[in-house]
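J.: Have a look at this fold, sequence not included:
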C-alpha cells in the first residue's frame, strides 16, 4: 500500500493577502463599528439608515426626499416607506417647500430633535469606544482618507 499524502488542515488562518486590500479592511472596520452602533441605537429605535436620514434632516431643515436620496445613495422607493415610518413615529414632519410647490421639505419635530441630540451624542461616543487604538488625530486622518474615496 502506497503512503498517502497527509490531508491538509489549517491551524492558523492566513489572511495576509486579504489584508492588503482596501475593501477588505474597510469592510472589517465597518463591521466592528456597526455592531456597536446597532446595539446602542436599539435604545432609540434607529437603524443606521434611519439615523443617517434623521441626522441629515436635523442638520438641513427643509431637505427634500430627492436631496436625501442623492446625499445617501438611496433609491426613492426605499425612502418613501422610511419617511412614512419616521413621520408616524412623530420624529419628522413634512412642510410645503417654499420654492417648489410640488416638493415637501422634511423637518424634525421637537421629539425628533430631542431623539437626535441624544442619538448623535451616542454615535460620537461609540465611534471613540470602537476605535480605542486610534488617537483623535488618527481618527480625523482616517475619516479624511475615506472621504477621498467616495466624495
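T.: Noted; the coordinates are in hand. If you're wondering where the values come from, they're calculated on a predicted model, not measured in any experiment.

J.: mind checking how far residue 93 is from residue 44?
T.: Per Cβ to Cβ, to the nearest Å, residue 93 is found 18 Å from residue 44. All C-beta atoms are positioned from the backbone trio N, CA, C, and that covers glycine.

J.: Centre of the chain to stretch 130-149, how far?
T.: 16 Å (Cα atoms, centre = their mean, to the nearest Å).

J.: whoops, stretch 83-100 was the one
T.: Using Cα atoms, centre = their mean, the offset of stretch 83-100 from its chain centre is 21 Å.

J.: Outside of it itself, which residues are in contact with it?
T.: Applying Cβ atoms under 8 Å, 6 or more residues apart in numbering, the external contacts of stretch 83-100 come out as 45, 50, 53-54, 57, 62, 64-65, 103-109, 111-112, 115.

J.: one more time with 6 Å
T.: If you take Cβ atoms under 6 Å, 6 or more residues apart in numbering as the criterion, stretch 83-100 is touched by 57, 103, 104, 105, 106, 107, 108, 109, 111, 112, 115.

J.: quick one, what contacts the first one?
T.: Meaning residue 57. Counting by Cβ under 6 Å, 6+ apart, residue 57 touches 63, 92, 106, 108.
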